[in-house]
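1. Structure of the sequence below:
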Amino acid sequence: MIVAKSRITAVKRVLLAATCLAGPIAVGVVSVQEARAQSVSCTAYYCGTDSATWWTGASNGAAGWNSGSDSDNGGAGAAGGVAQVQNTGQLNWALYAEAPGGSGGSGGNAGWDSGSDGGAGGQGGTANATNASVISVGGNINRSGLTAQAQGGAGGVGGDSSSFAGAGNGGNGGNGGTANATNASGAYITINTAGTGIFATSDGGAGANNLDTAAPGNGGNGGVTNVTNSGTIITNPADADGIWASSLGGNGGSGNPSSGAGNVGGIGGNGGTVTLTNNGTITTSGASSSGIDVSVSGGTGGVGGSTGLGDASAGGAGGTGGTVNITNTGTIATSGALAYGLLAFSNGGTGGAGGTAFNDAPGGIGGNGGTVTITANGTITALGSGSGGSPAIGAFADGGTGGGAADDVSGGNGGRGGLVAVNANLSASPGGATTTGASSPAVYLTANGGAGGVGGPGGWGGNANVATANITGVLVTSGGESPGVYALSNGGAAGANIGQNDATGGGAGWATIVTLGNSSGATTTITTTGTGSRGIDAEAVGGAGGTAGPNGGAFSYTGYSGGSGGNGGTVYVGTWSNTTITTQGSASAAIYALSQGGAGGAGGPMVSSGDGGVGGAGGGGNYVTVNLGGQSVISTVGDNSYGVFAESSGGAGGTGGEATGGVYETGGAGGAAGSLMTWNSANTNYQVAVTNFGTAITTQGDYAFGIFAVSNGGSGGIGGASEWTLDHNGGDAGAGTAGGNILVQLNAGTITTSGYESFGVVASSIGGGGG
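-> Numbers count the residues shown, from 1 in each chain. Predicted structure coming up:
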């Protein structure tokens with residue numbers, strides 16, 4: 001772009017530097033004297049105020065031109081430029097820096113020819129927002145205190161056509177740029193009306209929807225968001241996070257009704273990267289007002305188009321989650337319901353729903369989860385009461401759910417879970433991480449597979465991934481159902497089957513690892529006082545298999561089969577020396593470690609003459625290992641509160657389908673139970689292994705065993721019923737499977753129990769019952 005000399009001179013008069021010529025330049029409306037009086041510096045294409053509610057520095061990419069001819073595509077949106085704003089004084093307004101990419105231009109319409117394509121959205125630029133003094137937002141100003149936005153532009157809509165030549169394709173969304181937000185040491189941000197303390201985003205732009213048979217656009221990928229808080233942030237209203245940071249993938253465009261061939265929904269963009277550091281203080285008091293809230297989830301896939309003639313109207317795939325890195329060495333305190341202290345998502349995007357077509361319109365595949373890494377070395381307090389749901393730390397990298405489809409088309413498969421890790425050195429007293437509400441773990445993390453989408457059949461459940469928690473310091477919870485550490489790596493369930501089909505299977509659990517303390521002997525304490533509040537709850541469970549649909553075919557002789565359950569994943573819980581776990585509520589084991597195969601789905605009924613469908617097989621249990629360090633203590637007070645509970649069991653087989661439509665028929669056989677998985681190498685063939693290297697275990701309550709180790713085979717499924725009275729038979733029951741090997745080693749330490757039927761050590765290896 002060539003800029004007129006007079007325009008450049010005008011920009012210099014208000015101390016603006018147009019360094020990236022990606023969009024139109026507008027002269028700032030604020031004088032130099034006003035800027036100096038407010039202690040605001042601004043470098044952007046535009047600097048000004050919005051009705052005295054915020055300072056704005058904007059470097060927007062120009063929108064692409066709209067095509068007036070079917071021979072020319074819509075113009076691409078220009079990239080955002082550089083926008084930088086900084087406050088060094090007392091400011092009663094919000095501060096805002098934006099550098100979004102321009103939206104793509106529309107394609108030209110056509111008569112007998114095809115329409116031209118819409119333009120792509122522009123990439124986000126660079127937005128820098130810094131507060132080095134005081135920002136206080138109140139009154140009628142519904143703004144975030146400090147905002148940096150560098151999102152990609154939306155794709156342009158393709159041109160239409162009045163003939164069968166077809167419309168133009170929708171434009172893709174632009175990728176996010178770079179958003180940087182800093183609240184410096186000694187600086188303050190106070191929010192008394194709607195808004196967040198810091199709002200920073202580099203989301204990808206949305207893909208455009210299509211017209212007629214053309215393809216919609218794909219979502220843009222998230223960019224890079226960097227946030228640092230070294231000062232103080234205080235928010236008082238509801239829905240007012242201390243910091244909100246995102247780099248989401250843009251949603252894929254959706255298909256529209258078509259007169260010819262169908263069209264596939266656009267693909268969701270991938271999440272980007274968020275790096276956040278807090279070494280200051282964050283305080284929120286409203287409901288749904290987390291201290292830190294971060295998301296880099298993938299975009300949702302677009303919905304497939306609708307056509308009565310063609311096919312290929314599948315939903316678009318969800319995008320993959322991005323990367324989150326959070327380091328907290330400061331103080332975070334929340335007091336509202338549903339308000340996490342620190343919350344991070346990197347989930348896969350949901351697959352788009354399939355359209356309506358003559359053939360082939362399945363749901364889109366769910367995106368895979370990304371990566372979340374949290375290093376927490378400060379103090380985090382979440383005091384939400386009432387409805388609860390206010391964990392101190394929440395980290396989630398789950399696979400996306402598959403898109404749904406019609407009753408004769410498959411739903412999308414669930415995405416695989418991502419990688420999630422929480423490394424916490426929470427050494428403050430009385431609680432480095434403290435919660436008081438119900439359903440509020442101190443540390444909550446998941447790497448679950450996504451569920452399959454609804455369809456005929458439903459989609460396959462996605463496999464889980466690895467969830468890791470390494471904890472030192474102090475965790476305290478006082479609400480019901482509030483573990484100290486709650487870590488899951490569960491497979492996704494198969495999608496619901498609404499058609500007449502064999503069902504699909506559940507995803508596999510993968511690996512859950514929880515470690516307390518470290519090799520240096522750092523003191524670590526977990527204390528819970530609510531009912532159902534375990535000290536550590538670590539699980540890796542396979543997803544449930546789907547239920548088969550009915551079979552009413554006149555020439556069919558067997559019903560459809562249920563889906564198999566997914567295998568459980570491995571679970572490891574280890575405590576180093578100088579660790580203490582105390583629970584004071586019923587049904588609150590100090591350590592609960594579970595690997596279980598998912599249940600098989602039920603076989604489908606046979607509604608004409610023939611046999612019912614076979615139930616699905618249960619998934620297998622996997623390895624569970626618990627190691628207890630020396631010079632440590634486990635103490636529980638409450639009925640059914642074990643010192644250690646460790647289980648690896650196979651999943652139950654599914655029930656056989658019912659036979660309802662004829663006089664010579666047999667109910668479907670029950671599914672086989674899940675078998676326990678075995679090592680290939682010798683001398684390590686234990687499904688459950690618990691070793692005490694020197695921990696003193698004490699329980700006070702009825703049925704509160706010191707150590708309870710379980711490795712049971714799964715139960716066979718129940719045979720299906722047969723309704724008629726002439727030559728009818730119920731289905732064969734599924735066979736149970738053998739229990740597994742258990743190792744309990746008491747190398748050192750003590751076990752003391754004082755309640756009714758509270759044995760020191762119980763090991764149970766029982767074969768599963770027949771159905």
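
2. Where does pLDDT dip in the stretch 1-150 of the chain?
-> 1-38, 51-52, 65-72, 74-75, 107-115 (pLDDT under 70).

3. how about the strands of it, start to end?
-> 40-43, 46-49, 54-58, 82-87, 90-91, 94-98, 126-131, 134-137, 146-149 (DSSP state E, counting those that start in this stretch).

4. Low-confidence stretches in the stretch 451-600 of the chain?
-> 552-557.

5. any idea where the strands of it begin and end?
-> Taking DSSP E, counting those that start in this stretch as the test, the strands found in the stretch 451-600 of the chain are 466-477, 485-488, 511-516, 524-528, 536-541, 570-575, 579-583, 591-596.

6. Format the ones you listed as a markdown table; extra columns: mean neighbour count and distance to D293.
-> All C-beta spots, glycine's among them, are computed from the backbone N, C-alpha and C. Listed next are the strands of the stretch 451-600 of the chain as a markdown table, based on neighbours: other C-beta atoms under 10 Å; distance: least, C-beta to C-beta, whole Å:
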| stretch | mean neighbour count | distance to D293 |
| --- | --- | --- |
| strand 466-477 | 26 | 20 |
| strand 485-488 | 27 | 19 |
| strand 511-516 | 25 | 24 |
| strand 524-528 | 27 | 25 |
| strand 536-541 | 29 | 24 |
| strand 570-575 | 24 | 29 |
| strand 579-583 | 26 | 30 |
| strand 591-596 | 28 | 29 |
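
7. Among the ones you listed, single out whichever gets nearest to T331.
-> Nearest of the strands of the stretch 451-600 of the chain to T331, taken as C-beta to C-beta: strand 466-477 at 13.9 Å.

8. Adjacent strands (with direction) for that closest one?
-> strand 419-426 (parallel), strand 433-435 (parallel), strand 511-516 (parallel), strand 524-528 (parallel) (DSSP bridges).

9. Just list the residues touching T375, thanks.
-> I326, T327, N328, N423, A424 (C-beta atoms under 8 Å, 6 or more residues apart in numbering).

10. Let's have the residues you listed in TSV, adding distance to S41 and neighbour count.
-> Formatted as TSV, the contacts of T375 follow (distance: C-beta to C-beta, whole Å; neighbours: other C-beta atoms under 10 Å):
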residue	distance to S41	neighbour count
I326	29	25
T327	28	18
N328	29	27
N423	38	16
A424	38	26
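
11. ok, so of the residues you listed, who is nearest G569?
-> Looking across these and measuring by C-beta to C-beta, the closest to G569 is N423, at 20.6 Å.

12. Tell me what that closest one is bridged to.
-> T375, N470.

13. Quick check: it touching V372?
-> No - taking C-beta atoms under 8 Å as the definition, N423 is not a contact partner of V372, at 11.4 Å.

14. what ranges do the helices span in the chain?
-> 5-13, 32-38 (DSSP state H).

15. residue ranges with poor pLDDT in the stretch 151-300 of the chain?
-> 159-167, 211-213, 257-262.

16. redo that, cut-off 90
-> 156-171, 193-194, 208-216, 254-265 (pLDDT under 90).

17. re the thing from before, would you point to the one among the strands of the stretch 1-150 of the chain that's packed deepest?
-> Comparing the strands of the stretch 1-150 of the chain by mean neighbour count (mean count of other C-beta atoms under 10 Å), strand 146-149 ranks first with a mean of 28.

18. And that one, what does it pack against?
-> If you count contacts as 3 or more C-beta pairs under 8 Å, 6 or more residues apart in numbering; DSSP states H and E, strand 146-149 packs onto strand 94-98, strand 126-131, strand 178-183, strand 198-201.

19. got the contact list for the second one?
-> Going back to what we said before, that points to strand 126-131. So strand 126-131 is contacted by 59, 80-87, 91, 95-99, 145-150, 177-184, 187, 189, 200, 231 (C-beta under 8 Å, 6+ apart).

20. One more: the first one?
-> For strand 94-98, the external contacting residues (C-beta under 8 Å, 6+ apart) are 40, 44, 53-60, 80, 83-87, 127-129, 131, 135, 137, 141, 143-150, 195.

21. who does that strand pair up with?
-> strand 54-58 (parallel), strand 146-149 (parallel).

22. possible to save those as JSON lines with distance to N172?
-> Listed next are the strands paired with strand 94-98 as JSON lines, based on distance: least, C-beta to C-beta, whole Å:
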{"stretch": "strand 54-58", "distance to N172": "24"}
{"stretch": "strand 146-149", "distance to N172": "20"}
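
23. what's the spacing between G643 and V485?
-> 16 Å (C-beta to C-beta, to the nearest Å).

24. err, G204, not the other one
-> Taking C-beta to C-beta, one finds G204 at 34 Å from V485.
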